[in-house]
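Novice: no sequence on this one, just coordinates:
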């Protein structure tokens, strides 16, 4: 962004009032024709020895096409469209340039010509957010303080291996992913000298968990498990030898000796551990957003023949309702907001800005796709009824009876008692 000294902000808003008056009449009325599109006139100045360069930067930013982000000194961050721009240079006043420009609220196009692919936008912003997190780790990592860091990375990879074992997965994809994980474990020593490569390799494994199954939504539990395990002191304990894998026992006594005795060196090692922990937590929430954006949420509720090729049924897609998708999307957006706040405290503007854009993309995708998904309702019969009648009453289609049976696990579909409440997905 481009900063400038503000002189004055003059704005207009309100309602489009149209008065109706009639000749030789004492009465009339005023018609409310909707909201006035908010607009302001911003005046500023450039001062100093480099005032011409400042003015050039401002004019370049103001003349870019399309809407932009404007940080208002009183109203905060706003999406605006720049209007007419003017500037003034006075020959007898050196070191000063003044300018003014119009800003209009972006608003919403009532007649859009194209529809944005919100899921693809989430994928794009996720990739950029992961790159920003990797770059931040590379900048914070100290290559001269790697004592214990290799054990910490190895422990993280072991955790990933543990979490994916319980994941209903496709054999070929899981085998390929496991081979990559083992190759990465063997090359940890070399990767420590290149923190950027270390981040890309290990976090690439984390993100690719969603490719182990055909439905990326199933990978969200793995990412949540990673967050739960690493948001405490696990990274610090891993580099200082405090985990159970580093504790030795002999003659009934257990001990764990730190690998670094120098306080300055130990502080640098702990700083590296904190940077890697931050990378893990950032990458986990970014992977959640990427998994949600990659998932195909369309579902056919009409009963049809289904071939299951594996015993685990991993190729089946999870059936999400609109309410469930909103809950999942809003939870991811809240986590992104928390990680953005942490980045602000650390002074990492690149991570903050990219996570903020990813959060906006997740919210837009959630609202857009949730409206297209079936909605969930709870049906409680007043008397004993068959599931076919429930399907007809709720969806006017008896062909959806099997989806009701599968979702509720009904043992006797022909006899749903008044004491039972049945979840029905409405198309």
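Specialist: Perfect, thanks for sending it. These figures come from a predicted structure and were not determined experimentally. Residues are numbered from 1 along each chain as shown.
Novice: which stretches of the protein form helices?
Specialist: Assigned by DSSP state H, the helices in the chain fall at 51-62, 118-140, 149-165, 171-186, 188-191, 195-207, 220-230, 234-240, 263-294, 322-346, 349-370, 387-395, 401-408.
Novice: how about those in CSV, adding distance to residue 69 and mean pLDDT?
Specialist: Quick note: C-beta positions are derived from backbone N, CA and C, even for glycine. Putting these into CSV (distance: least, C-beta to C-beta, whole Å; pLDDT from 0 to 100) gives the following:
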stretch, distance to residue 69, mean pLDDT
helix 51-62, 11, 92
helix 118-140, 15, 91
helix 149-165, 36, 88
helix 171-186, 38, 86
helix 188-191, 37, 90
helix 195-207, 28, 91
helix 220-230, 29, 90
helix 234-240, 34, 85
helix 263-294, 20, 90
helix 322-346, 15, 89
helix 349-370, 10, 90
helix 387-395, 44, 80
helix 401-408, 43, 78
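Novice: got TSV for those, with distance to residue 414 and mean neighbour count too?
Specialist: Shown next, in TSV, are those (distance: least, C-beta to C-beta, whole Å; neighbours: other C-beta atoms under 10 Å):
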stretch	distance to residue 414	mean neighbour count
helix 51-62	69	16
helix 118-140	40	20
helix 149-165	40	18
helix 171-186	38	14
helix 188-191	59	14
helix 195-207	47	20
helix 220-230	35	18
helix 234-240	52	22
helix 263-294	38	22
helix 322-346	29	17
helix 349-370	34	21
helix 387-395	7	18
helix 401-408	10	18
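Novice: In CSV, list those along with distance to residue 36.
Specialist: Formatted as CSV, these follow (distance: least, C-beta to C-beta, whole Å):
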stretch, distance to residue 36
helix 51-62, 23
helix 118-140, 30
helix 149-165, 54
helix 171-186, 56
helix 188-191, 58
helix 195-207, 46
helix 220-230, 44
helix 234-240, 54
helix 263-294, 37
helix 322-346, 31
helix 349-370, 26
helix 387-395, 45
helix 401-408, 49
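Novice: Tell me which of those helices sits nearest to residue 41.
Specialist: Set against residue 41 and scored by C-beta to C-beta, the helices of the chain come closest in helix 51-62, at 13.1 Å.
Novice: what residues does the closest one touch?
Specialist: 1-2, 4, 44, 46, 48, 68, 82, 85, 87, 89, 95-97, 99, 101 (C-beta atoms under 8 Å, 6 or more residues apart in numbering).
Novice: And for stretch 25-33?
Specialist: 15, 16, 17, 18, 19, 20, 21, 22.
Novice: Please repeat the previous calculation with a cut-off of 6 Å.
Specialist: 15, 16, 17, 18, 19, 20, 21 (C-beta atoms under 6 Å, 6 or more residues apart in numbering).
Novice: go on, stretch 154-164?
Specialist: Taking C-beta under 6 Å, 6+ apart as the rule, stretch 154-164 contacts 181, 185, 222, 225, 229, 238.
Novice: from those, which is closest to residue 117?
Specialist: Nearest member of the contacts of stretch 154-164 to residue 117, counting by C-beta to C-beta, is residue 222, at 26.2 Å.
Novice: residue contacts, that closest one?
Specialist: Applying C-beta under 6 Å, 6+ apart, the residues contacting residue 222 are 163, 209.
Novice: Apply 8 Å and report the result again.
Specialist: Counting by C-beta under 8 Å, 6+ apart, residue 222 has contacts 160, 163, 164, 167, 209.
Novice: rewinding a little: out of the contacts of stretch 25-33, which sit inside strands?
Specialist: 15, 16, 17, 18, 19, 20, 21 (DSSP state E).
Novice: Please identify which two of these are farthest apart in space.
Specialist: Maximum distance among the ones in strands among the contacts of stretch 25-33 (C-beta to C-beta): 18.0 Å, for 15 and 21.
Novice: ok, back up a step: in a markdown table: the contacts of residue 222, plus distance to residue 118.
Specialist: Putting the contacts of residue 222 into a markdown table (distance: C-beta to C-beta, whole Å) gives the following:
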| residue | distance to residue 118 |
| --- | --- |
| 160 | 29 |
| 163 | 29 |
| 164 | 29 |
| 167 | 27 |
| 209 | 23 |
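Novice: now, among those, which is nearest to residue 401?
Specialist: Closest to residue 401, out of all of those and judged by C-beta to C-beta, is residue 167, at 30.8 Å.
Novice: That closest one and residue 217 touch, don't they?
Specialist: No. Contact between residue 167 and residue 217 fails when scored by C-beta atoms under 8 Å: they sit 11.8 Å apart.
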